[in-house]
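Visitor: kindly generate the corresponding structure for this input.
(one chain, ligands or ions: 2)
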Amino acid sequence: MNRFFALLLMTTISNFALAQGYIAHRGASHLAPENTVAAAKLAWEQNADAVELDIYLTKDNRIMVMHDKNTKRTTGKSMVISESCSDSLRMLDAGSFKDAKYAGERIPFLEEMIAATPEGKQLVIELKCGTEVLPALKDVVAKSGKQSQCLFIAFDWNTIVDTKKQLPHNACYWLSSKKEGLSEKMKAAKAAGLDGLDLGYKAIDEQVMQQAKELGLDILAWTVDDPAEAKRLTSLGVKGITTNRPGWLKENAK
Ligand code: G3P
Ligand code: CA
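Guide: Ligands and ions are numbered 1, 2, ... in the order given. Below you'll find the predicted structure:
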């Protein structure tokens, strides 16, 4: 391959960035059990632009989708994911807590959530655990054939910076809800090669958006179920709005 085509290819795949739109928080979690395939499918039916989910690494090195590190709140049985094997975790019912019609819904493997993601849609994957998940994560996204549809977020600074190093073509955003020190953190995010910040919506104002624009960073927002707030964020130029109610908010924030 000559140098021109090599450069062209690099430019084309240099960044799988987020498309503008609404991100379903843990799937369509207002109606369906959070972080399940059912919640993701409902979000896609509601025409969400992306689905957000949370991941942990199990004792047997599988990546499973759940918000809490312990399974008690959503399954009724107490197991620590990092200390448990995936076959035991798969026995749990992660749907009944929301509604009897979801009885039998399983804690998903990340592979299932990626497979359920339609063409043209995106998956915002939050690393709730640390960098120990990165070897398995790289493997899962590479084998999925949908790597270009995956984005990554994390509250832990070192985790998101290392994720960007390991998956340099995928967009990575640092999560925070704090306003203090935000300006310095934005400069650090730029220096670390991150693509932007995913902020608690109350931290987002004109000043933040102006600095992000100057640095060439994207700003995403969480978690917004109020149409007036969604309109404010859209008018400020926020790229993605994370919501528990993607269909309803899309309709009511027009
Ligand atoms: O999308 C970001 C948001 O999910 C972070 O908070 O607690 O819902 O994971 P949490
Ligand atoms: Ca999350």
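
Visitor: on the three-state scheme, the residue of the chain found nearest ligand 2 is what?
Guide: Nearest to ligand 2 in the chain, going by C-beta to the ion, is residue 126, at a distance of 4.0 Å. From N, CA and C alone the C-beta is placed, and that goes for glycine too. Assigned with DSSP: H, G, I helix; E, B strand; the rest coil, residue 126 falls in the strand class.

Visitor: residues in contact with it?
Guide: If you count contacts by C-beta atoms under 8 Å, 6 or more residues apart in numbering, residue 126 has them with 52, 53, 54, 55, 152, 153, 154, 175.

Visitor: so the fourth one is in which element?
Guide: Just to be clear, that refers to residue 55. Residue 55 is located in strand 50-57, with elements delineated by DSSP states H and E.

Visitor: that strand - what's its average pLDDT?
Guide: The average pLDDT for strand 50-57 rounds to 98.

Visitor: ok, it: who's next to it in the sheet?
Guide: Strand 50-57 sits in its sheet next to strand 21-25 (parallel), strand 63-65 (antiparallel), strand 122-127 (parallel), going by DSSP bridges.

Visitor: so is it next to ligand 1?
Guide: Yes - shown here: strand 50-57 in contact with ligand 1 (C-beta under 6 Å from any ligand atom) through 52, 54.

Visitor: list the buried residues of stretch 173-190.
Guide: 173, 174, 175, 176, 182, 185, 186, 189, 190 (16 or more other C-beta atoms under 10 Å).

Visitor: and the strands paired with strand 50-57 as CSV, adding mean pLDDT?
Guide: Below are the strands paired with strand 50-57 laid out as CSV (pLDDT from 0 to 100):
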stretch, mean pLDDT
strand 21-25, 97
strand 63-65, 99
strand 122-127, 98
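
Visitor: TSV please, covering those strands and showing distance to ligand 1.
Guide: Shown next, in TSV, are the strands paired with strand 50-57 (distance: least, C-beta to the nearest ligand atom, whole Å):
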stretch	distance to ligand 1
strand 21-25	6
strand 63-65	12
strand 122-127	6
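
Visitor: tell me the residues of the stretch 51-200 of the chain that contact ligand 1?
Guide: Counting by C-beta under 6 Å from any ligand atom, the stretch 51-200 of the chain sits next to ligand 1 at 52, 54, 67, 126, 175, 198.

Visitor: for the one residue in the stretch 51-200 of the chain that gets nearest to ligand 1, name its beta-bridge partners.
Guide: Residue of the stretch 51-200 of the chain nearest ligand 1, by C-beta to the nearest ligand atom: residue 52 (4.7 Å). Beta bridges link residue 52 to residue 25, residue 124, judged by DSSP bridges.

Visitor: number of residues surrounding it?
Guide: As a burial measure, residue 52 scores 29 neighbours (other C-beta atoms under 10 Å).

Visitor: same deal with the one 5 residues further on?
Guide: Using other C-beta under 10 Å, residue 57 has 23 neighbouring residues.

Visitor: please verify my assumption that it contacts residue 63.
Guide: Yes - judged on C-beta atoms under 8 Å, residue 57 makes contact with residue 63 at a distance of 6.0 Å.
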